[in-house]
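Chemist: mind folding the following:
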Amino acid sequence: MQKAIKKYRGIITIAYKNYAIYIHDLIGINIIYILRLLVIIFFYKAIYAINPGQLIGGYSLEQVTWALIFVQAIVVAKYRITEEVNLDIKTGKIAIHLLNPINYINYKFLESFAKGMINLCISLSIGLVLGFLILGSIPISVWGILGWAILLIGGMLINFFGYFMIGLFGF
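Modeler: I've put the predicted structure just below:
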């Protein structure tokens, strides 16, 4: 068991190092993320400025914009597994991956998980700083954080396997 954990940790570390080399991609993704956040925040501030003090749809400005900050961070963190599986099939690299001692699906999941977590951590930290500067404090609770974490992990799993299956349909 410990040998398997060591192997999986090694795959995650290698995927992180391979992805962190392309710093220009990370910077570009996060610049677009910042622009998205600025548009969303100022758009909703303008909407709520029309009806000051009123809730729209039962939600305050802070609730709506903080939720959208988190949603945009998740969208930016989503790894494009379909294109990578298609590329592996087209170039024939899938045959090499299938000969490896680790399952191809597990390998791609760990690789996409590492890359997605890098993007998510960077995007969330940028979003939190930008949100605090423009909006102020975040309406947060322990149950909210727990529920968000469960939904995030479940969503990442469903997203990965759905897009992975789409990529394999090309096979």
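Chemist: tell me which element residue 129 is part of?
Modeler: Counting by DSSP states H and E, the secondary-structure element that holds residue 129 is helix 104-134.
Chemist: buried residues, that helix. List them.
Modeler: Of the residues in helix 104-134, 104, 107-120, 122-124, 126-127, 130-131 count as buried by neighbour count, 16 or more other C-beta atoms under 10 Å. (Glycine included, C-beta is placed from N, CA and C.)
Chemist: for the helix or strand containing residue 31, what is the average pLDDT?
Modeler: Here residue 31, judged by DSSP H and E, is contained in helix 23-50. With pLDDT averaged residue by residue, helix 23-50 scores 86.
Chemist: that one to helix 104-134, inter-axis angle?
Modeler: Taking axes from the mean of the first three to the mean of the last three C-alpha atoms, to 10 degrees, helix 23-50 and helix 104-134 form an angle of 50 degrees between their directions.
Chemist: can you pull the buried residues of whichever helix or strand comes after helix 23-50?
Modeler: Following the chain from helix 23-50 toward its C-terminal end, the next helix or strand by DSSP H and E is helix 61-77. Judged by neighbour count using 16+ other C-beta under 10 Å, the buried positions of helix 61-77 are 61-62, 64-66, 68-70, 72-74, 76-77.
Chemist: for helix 61-77, packing partners?
Modeler: In terms of contact count using 3 or more C-beta pairs under 8 Å, 6 or more residues apart in numbering; DSSP states H and E, helix 61-77 is assigned the packing partners helix 23-50, helix 104-134, helix 142-168.
Chemist: put together a markdown table for these, with distance to residue 12 on each row.
Modeler: As requested, the helices and strands packed on helix 61-77 are exported to a markdown table (distance: least, C-beta to C-beta, whole Å):
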| stretch | distance to residue 12 |
| --- | --- |
| helix 23-50 | 17 |
| helix 104-134 | 4 |
| helix 142-168 | 14 |
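Chemist: follow-up on the earlier one: which strands and helices lie in contact with the helix holding residue 129?
Modeler: Helix 104-134 sits against helix 2-20, helix 23-50, helix 61-77, helix 81-91, helix 93-99, helix 142-168, with contacts defined as 3+ C-beta pairs under 8 Å, 6+ apart.
Chemist: out of the ones you listed, the one nearest residue 136 is which?
Modeler: Distances from residue 136 to each of the helices and strands packed on helix 104-134 were compared using C-beta to C-beta; the shortest belongs to helix 61-77, at 7.2 Å.
Chemist: hmm, who's touching stretch 62-73?
Modeler: Outside of stretch 62-73, the residues that reach it under the criterion C-beta atoms under 8 Å, 6 or more residues apart in numbering are 33, 36-37, 40-41, 44-45, 56-57, 120, 123-124, 127-128, 130-131, 135-139, 148.
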